[in-house]
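[1] give the three-dimensional model of this entry:
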Amino acid sequence: MTPSKLDIHSLIVFYYVASEESITAAAEKLCLTQPTVTYHIRSLERNVGLKLLEVKRQKVSLTRTGSGLFKYVSEIHHQMNGAENYLENLKEASLRVGISTTFSTCVASAASAFEKLYPRVKLIIKSASSFEIAEAVLDCEVDLGIVVSTDYGNPKLKSVVLSSQEKLVLVASPSSAIAQRPRLAFANLCGYPLVLGPETSATRQIILKRIRVGGCHMPSPIIVEVNSSEWGINLVENGEGVGFHHIRSVERSIAEGRLKILPLSGDIFVGVEALLRADAPEHPMAEKFALLVRRALEKKREKSAAQAARN
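    The predicted structure follows:
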């Protein structure tokens, strides 16, 4: 059998250079140096004895021969991705999910449902602030991020909206002075101690902006920065200040009389989205987990609406 003149690795390098129309962009996606990419292209052209690419002012264009070859190489790339996904689905795998602390309680039911549906898949959960989760997605430390909707400022991130309106409520200890007030406006929070997440928390940024828009033009004292929703709730229960939390996170504390929702004139809603790397193959189980989160959020909203209708 005559050996092939075509090296599969060089063909894949050719595919990325042709797709990106740039040696630099192809090198970044392949995690190779530019000289290595150039070597593979020249080696491929040398082996076939034909010119495949033209490079002018760092702009790559295909020759007529290169355009014809690209059709075949595109199919090779597609088939290789299909084979990789097939093998990934067969073997016992793990799914790494980063979850914003704002939604940690709400996503717990989705995680439980996922483990029952896919017992062979090991679920690894990282809880942190939304911007930290976004960085973890970019660094490939997690396969999927569940975060507060905001602009994360990186084109390599792809977002999928799971919910557009999740309500945050202002809570305090029932014994605190502020809990005795019949009505509150955002301006009344000026100077009142807040328990909020760290600076990398998208929820914190949304809350502080809403307070400023509501008429508070002086910095509110943030007595504690917590990277855990549970810690924040415990501090507020002990009368250390007030806090904004996703309604699902404080349901039990309210029912047991440890927290009280304050009558704030004006609501704060945040969106929930799934973050993925736009330039990387999607984990086969990521979409399934995101769908379970969406269903958990929808179920909660339906339950809240039914309770409101009864009241």
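[2] now name the helix or strand holding Lys303.
    helix 286-310 (DSSP states H and E).
[3] other SSEs contacting that helix?
    When contacts are defined as 3 or more CB pairs under 8 Å, 6 or more residues apart in numbering; DSSP states H and E, helix 286-310 packs onto strand 94-100, helix 104-117, strand 144-148, strand 157-172, strand 268-277. Where you see a C-beta, it was placed from the backbone N, CA and C, and this is true even at glycine.
[4] from the contact counts, what lies against the third one?
    In terms of contact count using 3+ CB pairs under 8 Å, 6+ apart, strand 144-148 is assigned the packing partners strand 94-100, helix 130-138, helix 202-213, strand 268-277, helix 286-310.
[5] closest one to Lys122 among these?
    Within the helices and strands packed on strand 144-148, the stretch nearest Lys122 is strand 94-100; the backing value is 4.0 Å (CB to CB).
[6] okay, now the sheet partners of that closest one, with direction.
    The strands that strand 94-100 pairs with in its sheet are strand 122-128 (parallel), strand 144-148 (parallel) (by DSSP bridges).
[7] to Ala280, which of those lies closest?
    So among the strands paired with strand 94-100, strand 144-148 is nearest, using CB to CB, at 11.4 Å.
[8] identify the residues contacting the helix holding Lys303?
    Contact with helix 286-310 is made by 95, 97, 106-107, 109-110, 113-114, 117-118, 123, 143-144, 146, 160, 162-163, 166, 247-248, 272, 274, 276, as judged by CB atoms under 8 Å, 6 or more residues apart in numbering.
[9] let's see 6 Å
    Residues outside helix 286-310 that contact it (CB atoms under 6 Å, 6 or more residues apart in numbering): 107, 109-110, 113-114, 143-144, 146, 162-163, 248, 274.
[10] quick one: low-confidence ranges for the stretch 51-200 of the chain?
    Residue ranges of the stretch 51-200 of the chain with pLDDT under 70: 85-92.
[11] mind doing that once more with 80?
    57-58, 82-93, 106 (pLDDT under 80).
[12] related to what we said a few turns ago, of the strands paired with strand 94-100, which stretch is the most buried?
    Comparing those by mean neighbour count (mean count of other CB atoms under 10 Å), strand 144-148 comes out on top with a mean of 28.
[13] got the angle for it vs helix 130-138?
    Angle of strand 144-148 versus helix 130-138, following axes from the mean of the first three to the mean of the last three CA atoms, to 10 degrees, is 160 degrees.
[14] before we move on, the earlier item: for the helix holding Lys303, which positions count as buried?
    286, 289-290, 292-294, 296-297, 300 (16 or more other CB atoms under 10 Å).
[15] compare the helices and strands packed on strand 144-148 and give me the one nearest Ile8.
    Nearest to Ile8, of all those, is strand 268-277, at 24.3 Å by CB to CB.
[16] on that earlier part again, need the helices and strands packed on strand 144-148 in TSV with distance to Ala26, can you?
    TSV is the format used below for the helices and strands packed on strand 144-148 (distance: least, CB to CB, whole Å):
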stretch	distance to Ala26
strand 94-100	27
helix 130-138	19
helix 202-213	33
strand 268-277	17
helix 286-310	25
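[17] wait, which of these is closest to Leu32?
    Across the helices and strands packed on strand 144-148, Leu32 has its closest neighbour in strand 268-277 (17.8 Å, CB to CB).
[18] tell me what that closest one is packed against?
    Packing partners of strand 268-277 (3 or more CB pairs under 6 Å, 6 or more residues apart in numbering; DSSP states H and E): helix 130-138, strand 144-148, strand 157-172.
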